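Novice: here is a sequence with its predicted model. Questions after.
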Amino acid sequence: MAPQPDLPEPAHPEVDSMLSRKFGREVANYFSGSPLNRVSFLRGNHEFISKALTHPTTSFLLFNNLSPLAKDNTTLAYATHAEVKPLIGENPFAKTEEQMIKDYNSAVTLPLVLFLGLDERKKGGFQHGIYSGSPYFAVDVTPRGTVVKEANGVIEAMKAKGLQFIESRMHMTLNAPEAAIYAQARALIDWNARNPFCAGCGQPTLSVNAGTKRVCPPTDYASLPTPQGAITVLDTPRERAACATRTGISNLCFPRTDPTVIMAVVSHDGQRVLLGRSKRWPANWYSTLAGFCEPAESVEEAVRREVWEESGVLLGRVVIHSTQPWPYPANLMIGAIGQALPDGEEIHLEHDPELEDAKWVGIDEIKTALRIGTSGLGDPPGPEYIEGGLRLPPKTAVANQLLQAVVGGFLETPKI
């Protein structure tokens, strides 16, 4: 069974507050709790970014086809500026954003370099005004376009050091701080990779703001392709077709986060929990129900709708419990606990064929499964597991935390 890492500590757990006394201790889920201060307001400050890029304490997390560089399944590996310089150059942020847009040439591949933040736990290193800490960047070293040779060179250099780009589900075995860093980097690299063309006009886009924004430049030094596909570099840039994203703020230019609801549904008497399973899952493996929020829908409405569509069960009160960032590709899992109506507990799977099975499970059986039957989706259960028993997601999944809350007395306290 793969190791299950500890979860991140919630913010300021030692501080007493009225909110903590009323609602209980904050729950921090896996992939949250990053040690980095993102200082997002400095991403467009190229003086700051340039200094951070070349500082001796700076770490670069490399991704090849979204697989991170790692020492093994539990530990990420980081490169230095000297090691990524053959691919990204001395300083890809030497020009201002305005100059980068003005000099845009769509025929040239610019390696993606993301600023992740400052690790303020590390003292005595990088300093910029009142902001200090060790800088972290992510670099997409996937061989593509005009930098295939350079990217392959960096990849081979890392492999020569005994490092590897892990393609398996190692993300669920990283320690909590590294998992959060990985999640941020992967989500942003994936978003950039998915959006090389403008959603407003279809023309190629340029990554700016240290990897957190894509713009549709008004001009291009690359010619339009000939019928044979040939492209030449022009002496003066050509005007590109008009695009609505250039005339105002547009959500087409920024990374997206898709809200998803995931819910532990308890029976009206509080003694059973509704679980469901997909036909793709291993035998006896169940989880809480989940689904995407739709436009103009509250979280509570989404929970009630998804539960009814998938299981036929009708819910009354719904309470938000905790949330979990999920970088596959860019979801925010909104964990909730809902309670069935007295006459709404009958299960019907005829509405939406998404589930293979759904059933009510007693609290005691849930407690036992949480103790001996949890594992990752592709991993075997623990040594105490009895074949045929209920299997549940690991503690790194918000579904597990929702079930822990239900069996741990969440319903018996004033918090609901």
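Specialist: Looks like it came in fine.
Novice: please count neighbours and contacts with C-alpha atoms only from this point.
Specialist: OK.
Novice: can you give me the end-to-end distance of stretch 228-247?
Specialist: 34 Å (C-alpha to C-alpha, to the nearest Å).
Novice: in it, what counts as buried?
Specialist: Of the residues in stretch 228-247, those buried under the neighbour-count criterion (16 or more other C-alpha atoms under 10 Å) are 237, 243, 245.
Novice: among those, which ones are in helices?
Specialist: Judged by DSSP state H, helices contain none of the buried residues of stretch 228-247.
Novice: which ones among these map onto strands?
Specialist: When those are checked against strands using DSSP state E, the ones located there are residue 237.
Novice: and for the closest residue to residue 124 other than its chain neighbours, the neighbour number?
Specialist: Excluding its sequence neighbours, the residue lying closest to residue 124 (C-alpha to C-alpha, 6 or more residues apart in numbering) is residue 133, at 7.6 Å. Counted with other C-alpha atoms under 10 Å, residues neighbouring residue 133 total 22.
Novice: does residue 133 touch residue 121 like I think?
Specialist: Yes - because the distance of 6.8 Å satisfies C-alpha atoms under 8 Å, residue 133 is recorded as touching residue 121.
Novice: next up, the contacts around residue 313.
Specialist: Contact criterion C-alpha atoms under 8 Å, 6 or more residues apart in numbering gives 307, 340, 344, 345, 346, 347, 348 as the residues in contact with residue 313.
Novice: repeat that with 6 Å
Specialist: The contact partners of residue 313, by C-alpha atoms under 6 Å, 6 or more residues apart in numbering, come to 344, 345, 346, 347.
Novice: just the buried ones from the residues you listed?
Specialist: Neighbour counting over the contacts of residue 313 (16+ other C-alpha under 10 Å) leaves 344, 345, 347 as the buried ones.
Novice: just the ones of the contacts of residue 313 in helices?
Specialist: Counting by DSSP H, none of the members of the contacts of residue 313 fall within helices.
Novice: distance to residue 389 for these - can I get that in JSON lines?
Specialist: Putting the contacts of residue 313 into JSON lines (distance: C-alpha to C-alpha, whole Å) gives the following:
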{"residue": "344", "distance to residue 389": "27"}
{"residue": "345", "distance to residue 389": "23"}
{"residue": "346", "distance to residue 389": "23"}
{"residue": "347", "distance to residue 389": "22"}
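Novice: for those, which one is nearest residue 362?
Specialist: Distance to residue 362, by C-alpha to C-alpha, is smallest for residue 345 among the contacts of residue 313, at 13.8 Å.
Novice: now the closest one. Nearest residue, chain neighbours left out?
Specialist: residue 313 (5.2 Å).
Novice: and if you look at residue 187?
Specialist: Setting aside the residues directly before and after it, residue 187 is nearest to residue 327 in space (C-alpha to C-alpha, 6+ apart), at 5.0 Å.
Novice: quick one: low-confidence residue ranges for the stretch 201-350 of the chain.
Specialist: Scanning the stretch 201-350 of the chain for pLDDT under 70 picks out nothing.
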